[in-house]
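> Provided below are the primary sequence and the corresponding predicted coordinates.
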Amino acid sequence: MSDSAESPTETQKEEIHPPPDDSATNDDKKKIDVLLKAVGDTPIMKTKKWAVDKGRTVQSLAQFISRFLKLDATEQLFIYVNQSFAPSPDQEVGVLFDCFGSDGKLVLHYCKSQAWG
Amino acid sequence: MSCGVLDEEEFSRCCQLLLHHSDSVGDGWSWEAVQSSDEGYLKKTVLRSVPADQSITQKHKESGSDSEQFDYCRFKTEEQGVNGSADSLRPDVEDEDDCVCRAPGGSSCSSVLQFEYHVLYSCSYRTPVLYFRASTLEGRSLTLEDVWNSVHPNYRLGLQSRPLDAITQQEHPFLGQAFFFLHPCRTEEFMKPLLQMTWDQNRPVNYVLSWLSVVGPMVGLDVSLDYVTLQQPTV
């Protein structure tokens, strides 16, 4: 399963695409499909479906989305599973997929908010 | 529930649901009733082992000592007068405010801290509010900086670069003791779109649980996925 990302920047390529040796083994069980949905007036990502390494943390994904959306330092991003619950930042998306995945994908909602401070 | 806030009755109801789950998985939350009224708050005490590399060693590395061999952790105590001895920390007191623990043999030193989290209802903001405090096992209170340093780096990012502005010291409304608290001013703002979404989809949501899952990690409180997965229908 490949992602449908255009991945225009170097950074995105590094983060989403696997390192060379992983792709050589062609083990796509190491990645899960994630569908990102915006909440409220958070910008909608042009690319919503991503193949993400199972071991990727929620925090890492949130950072990626923040950069992708070009959020500034005063904004922070929250990610929710099951439309209601923010998983721990160091939770692995693979675990979330096991718990909440359906139809072969994990739906994550993301929402931006003004940061504290 | 409406517009990102909730009334006290809803708060109590959500807390009871959370407690029900907590009891079934042994997560340790309890309800502290205020006198004999329906008012009360959630409480949880957590013991946490804090490794040396997550403490504030960097600022206090001494030159010319064998600090390269040892990892040590240091807690700046609040000025409460007597700096009591701490057998488990093996203190090497350098000034009256610091307690240094050294672990010989180059192994990383870790100390056990006690964290206490309270979830209260704020009538003025109409949201839950998180109060917390931390101390060593000997009862020495931690400063906010030490609390912050004990939180896993991944969790700290949630409060951007100026986390301490959002956390202030406050007198606990019921206990009258000094606690840290996470200011509720942003709560309605981040809860509103979440609640709106669940309303639109006609899905009930536990406000307190959702809120806690967001703010908990900011202060080192983990809210297990159990709370949500246990609600899932069996596949």
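Alright, I've got the coordinates.
> how about low-confidence regions in the chain?
If you meant another chain, say so; for now it's chain A. A:1-29, A:115-117 (pLDDT under 70).
> could you do chain B instead?
Judged by pLDDT under 70, chain B has its weakly predicted residues at B:1-2, B:51-109, B:151-165, B:230-235.
> What segments of it are helices?
Counting by DSSP state H, chain B has helices at residues B:8-25, B:57-60, B:144-150, B:153-156, B:187-200, B:207-215, B:226-229.
> Those helices: which one's closest to B:Phe180?
Nearest to B:Phe180, of all these, is helix B:144-150, at 5.9 Å by CB to CB. All C-beta atoms are positioned from the backbone trio N, CA, C, and that covers glycine.
> any idea which strand is longest in chain A?
strand A:105-114 (DSSP state E).
> Okay, buried residues for it please.
For strand A:105-114, the buried set under the neighbour-count rule, 16 or more other CB atoms under 10 Å in any protein chain shown, comprises A:105-113.
> and the angle for that strand with helix B:187-200?
Orientation check (axes from the mean of the first three to the mean of the last three CA atoms, to 10 degrees): strand A:105-114 against helix B:187-200 gives 140 degrees.
> Spell out the residue ranges of the strands in the chain.
Answering for chain A, as no chain was given. Under DSSP E, chain A gives strands at A:31-38, A:49-53, A:75-80, A:105-114.
> should've been chain B
B:30-33, B:40-51, B:72-76, B:98-102, B:110-122, B:127-136, B:167-171, B:178-182.
> Let me have those in a markdown table, extended by mean neighbour count and distance to chain A.
Shown next, in a markdown table, are those (neighbours: other CB atoms under 10 Å in any protein chain shown; distance: least, CB to the nearest CB, whole Å):
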| stretch | mean neighbour count | distance to chain A |
| --- | --- | --- |
| strand B:30-33 | 13 | 21 |
| strand B:40-51 | 16 | 14 |
| strand B:72-76 | 24 | 21 |
| strand B:98-102 | 20 | 26 |
| strand B:110-122 | 20 | 15 |
| strand B:127-136 | 22 | 12 |
| strand B:167-171 | 14 | 8 |
| strand B:178-182 | 19 | 8 |
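> of all these, which lies closest to A:Val93?
Per CB to CB, nearest to A:Val93 of those: strand B:40-51, 25.1 Å.
> Tell me the strands beside that closest one, with direction?
Strand B:40-51 pairs in its sheet with strand B:30-33 (antiparallel), strand B:110-122 (antiparallel), by DSSP bridges.
> before we move on, back to that, which of the helices of chain B sits most buried?
Among the helices of chain B, the stretch with the highest mean neighbour count (mean count of other CB atoms under 10 Å in any protein chain shown) is helix B:207-215, at a mean of 25.
> got the contact list for it?
With contact meaning CB atoms under 8 Å, 6 or more residues apart in numbering or on different chains, helix B:207-215 is reached by A:78, A:80, A:84-87, B:1, B:6, B:10-11, B:14-15, B:17-18, B:42, B:119, B:127-128, B:130, B:182, B:187, B:190-191, B:194-195, B:221, B:223, B:227-228.
> Go again with 6 Å.
The contact list for helix B:207-215 (CB atoms under 6 Å, 6 or more residues apart in numbering or on different chains) reads A:78, A:84-86, B:1, B:6, B:14-15, B:18, B:128, B:130, B:182, B:223, B:227.
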